[in-house]
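Peer 1: Fold the following, please.
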Amino acid sequence: MSSNSPSRPGVPRAPGALPLLGHIPQLLRDPLRFLTSLPAHGDLVQIHLGPVGATVVCDPELTRQVLINDRAFDKGGPLFTRLREVIGDGLASCPHSRHRRQRRLTQPGFHRNRLSTYAEAMSAEVAVVADSWRDGHIVDVPRAMMHLSMRILMDTVFSGTLPPTAFQETLDDINTVMAGAYRRMILPPLWSRLPTPHNRRYSRANTRLQRTVSDVIRDRRASGRDLGDLLSILLTTRDTSDGLGLTDTELREQLVTFFMAGAESTATTMAWALHLLAHNPDIENRVHAEVESVLGGAPARWEHLPRLELTGRVVLETLRLYPPGWMVTRTVTTDTQLGGHLLPVGANVVYSPYVIHRRDDLYSDPTQFHPDRWDKERHQPPPRSAFIPFGGGARKCIGDEFSITETTLALASIIDRWRLTELPGQRVRPVASVSLRPLGGMRMRVHARVR
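Peer 2: Sure thing, here's the model as predicted:
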């Protein structure tokens, strides 16, 4: 909805809007509770971010329509306006007019026959983490998983060419940008231009991140080396329609996109999976029995994945409960009907996998951790439109299989060697950033498995 457009008849407005601020306080204070309250008001519900309105889509079928019609519901709105400050017009944020070409040029790097090669790097890095822990020590799990996810991305994207200092700076910069992006998305643009300490940290981190990635691209292009990693593939792929490849700017935007989306989303999924297993010891024992039988004491590898059935279901259930991309915005590019209502050109649309995944008409006991709901031999799986952690349609995340492979291998190898328990008095809950980060600490004590 444009900033000065009136309320549309027939589309209910979410209660609690304040003069001038609209629903900003609710979205800052407890956005997950606010969003999950909206389906009670209708399949489409209006909210306001100050003077700017948006229509929240609460129904899975209407959400599917938004996802498959990516021309009418283009990437845009508050989320992508802010993300473009960091990732430019990369694959995840570019408009429809640029997406098909970018997808063609990046797809070879994520072809399924490349996953087995990437899985070797994943297994090696997970083994390093598992070897570094000591019986009885306390581990900051989100931090450890972020470090692991970044190491895997460095190996698969850059062949580990960043020196340790630059690696740590890049990790810090991604954490800073991701932590600040949601607040910038919700608050008016003027706020992000104020010289506050938060904004200065954000700006410095973003500038340095762009420079680091640009330097790696320049050095690799100058060297002419083909290291068989994702960067080498992107440097050599040519579009069949014009014979051209990605420019340095386009390469930077793609790589920053992969780091921002890949590191954060996979790390948080791994952390939430370990948290959920620690609170469900019966399921954890079953997972341990499975990985012990399948792995035989070796690190989890690509060839183990088909037999890690329960471990894979744990990953799917974690993605259902804590989808990394918990809220997504789109912009309507032409007057479009949705759910019997006309959405005018320029309207902002919001959909939330978190909301869809917790509807009790789609999932029994939707707030509970039940990995066996994904056992197709015993249960009827939910409709495809009810499970959208990676989006859908032509804009579905290109790295979905990469992420699931990494999370499954990491979870299997860690559970095979370690049992993790949370510290007494810790209250872990999700906080809305660009992804769902654990708030309140997720420090866990690691206990060595006795073979």
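Peer 1: CA only for contacts and neighbour counts going forward, please
Peer 2: Noted.
Peer 1: Residue ranges in this structure under the pLDDT threshold?
Peer 2: Within the chain, the stretches with pLDDT under 70 are 1-9, 451.
Peer 1: quick one, strands of it?
Peer 2: Secondary structure of the chain, counting by DSSP state E: strands at 44-49, 52-57, 73-75, 138-140, 328-332, 336-338, 341-343, 348-351, 418-422, 429-432, 436-439, 443-448.
Peer 1: can I get those strands in JSON lines with distance to residue 315 and mean neighbour count?
Peer 2: JSON lines is the format used below for these (distance: least, CA to CA, whole Å; neighbours: other CA atoms under 10 Å):
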{"stretch": "strand 44-49", "distance to residue 315": "30", "mean neighbour count": "24"}
{"stretch": "strand 52-57", "distance to residue 315": "26", "mean neighbour count": "24"}
{"stretch": "strand 73-75", "distance to residue 315": "27", "mean neighbour count": "24"}
{"stretch": "strand 138-140", "distance to residue 315": "20", "mean neighbour count": "16"}
{"stretch": "strand 328-332", "distance to residue 315": "21", "mean neighbour count": "23"}
{"stretch": "strand 336-338", "distance to residue 315": "32", "mean neighbour count": "14"}
{"stretch": "strand 341-343", "distance to residue 315": "36", "mean neighbour count": "16"}
{"stretch": "strand 348-351", "distance to residue 315": "22", "mean neighbour count": "26"}
{"stretch": "strand 418-422", "distance to residue 315": "17", "mean neighbour count": "21"}
{"stretch": "strand 429-432", "distance to residue 315": "17", "mean neighbour count": "18"}
{"stretch": "strand 436-439", "distance to residue 315": "15", "mean neighbour count": "20"}
{"stretch": "strand 443-448", "distance to residue 315": "19", "mean neighbour count": "19"}
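Peer 1: Can you redo those strands as JSON lines, where the extra columns are distance to residue 14?
Peer 2: Supplementary listing: those in JSON lines, determined by distance: least, CA to CA, whole Å:
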{"stretch": "strand 44-49", "distance to residue 14": "6"}
{"stretch": "strand 52-57", "distance to residue 14": "10"}
{"stretch": "strand 73-75", "distance to residue 14": "22"}
{"stretch": "strand 138-140", "distance to residue 14": "38"}
{"stretch": "strand 328-332", "distance to residue 14": "17"}
{"stretch": "strand 336-338", "distance to residue 14": "18"}
{"stretch": "strand 341-343", "distance to residue 14": "17"}
{"stretch": "strand 348-351", "distance to residue 14": "13"}
{"stretch": "strand 418-422", "distance to residue 14": "37"}
{"stretch": "strand 429-432", "distance to residue 14": "19"}
{"stretch": "strand 436-439", "distance to residue 14": "23"}
{"stretch": "strand 443-448", "distance to residue 14": "37"}
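Peer 1: Which among the ones you listed is found nearest to residue 288?
Peer 2: Closest approach to residue 288 among these is made by strand 418-422 (8.9 Å; CA to CA).
Peer 1: and the closest one, what other elements does it pack with?
Peer 2: Packing partners of strand 418-422 (3 or more CA pairs under 8 Å, 6 or more residues apart in numbering; DSSP states H and E): helix 248-278, strand 443-448.
Peer 1: Need the winner for burial among these.
Peer 2: helix 248-278 (a mean of 22; mean count of other CA atoms under 10 Å).
Peer 1: and it with strand 443-448, angle?
Peer 2: 70 degrees (axes from the mean of the first three to the mean of the last three CA atoms, to 10 degrees).
Peer 1: Please name the residues that touch residue 434.
Peer 2: Going by CA atoms under 8 Å, 6 or more residues apart in numbering, residue 434 touches 178, 179, 181, 182, 324, 325, 326.
Peer 1: Same question for residue 233.
Peer 2: Contacts for residue 233 (CA under 8 Å, 6+ apart) come out as 108, 109.
Peer 1: Could you rerun that using 6 Å?
Peer 2: Residues in contact with residue 233 (CA atoms under 6 Å, 6 or more residues apart in numbering) are residue 109.
Peer 1: Please measure how far the first residue of stretch 427-444 sits from its last one.
Peer 2: 12 Å (CA to CA, to the nearest Å).
Peer 1: Also stretch 53-70?
Peer 2: 20 Å.
Peer 1: repeat for stretch 300-316
Peer 2: One end of stretch 300-316 to the other measures 18 Å (CA to CA).
Peer 1: Tabulate the helices and strands packed on strand 418-422 in a markdown table, adding columns for distance to residue 132.
Peer 2: Formatted as a markdown table, those follow (distance: least, CA to CA, whole Å):
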| stretch | distance to residue 132 |
| --- | --- |
| helix 248-278 | 17 |
| strand 443-448 | 11 |
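Peer 1: Figure out which of those is closest to residue 386.
Peer 2: In terms of CA to CA, the element of the helices and strands packed on strand 418-422 nearest to residue 386 is helix 248-278, at 18.6 Å.
Peer 1: What is the closest one packed up against?
Peer 2: Under the contact criterion of 3 or more CA pairs under 6 Å, 6 or more residues apart in numbering; DSSP states H and E, helix 248-278 touches helix 78-87, helix 141-158.
Peer 1: how distant is it from the center of its chain?
Peer 2: Distance of helix 248-278 from the chain centroid (CA atoms, centre = their mean, to the nearest Å) equals 6 Å.
Peer 1: Next, count neighbours for the residue lying closest to residue 61 once chain neighbours are set aside.
Peer 2: Computed as CA to CA, 6 or more residues apart in numbering, the closest residue to residue 61 that is not its neighbour in sequence is residue 385, at 6.3 Å. By other CA atoms under 10 Å, 20 other residues sit near residue 385.
Peer 1: Please apply the same query to residue 213.
Peer 2: 19.
Peer 1: all numbers from here: first residue = 591
Peer 2: Okay, residue one is now 591; in that scheme the one you just asked about reads as residue 803.
Peer 1: Residue 759 versus that one, what's the distance?
Peer 2: According to CA to CA, residue 803 stands 12 Å off from residue 759.
Peer 1: same check, this time on residue 602
Peer 2: From residue 602 across to residue 759, the span is 46 Å (CA to CA).
Peer 1: got it, and residue 613?
Peer 2: 36 Å.
Peer 1: Those two: which is more packed in?
Peer 2: Neighbours per residue, other CA under 10 Å: of residue 613 and residue 759, the larger number sits with residue 613, 23 against 15.
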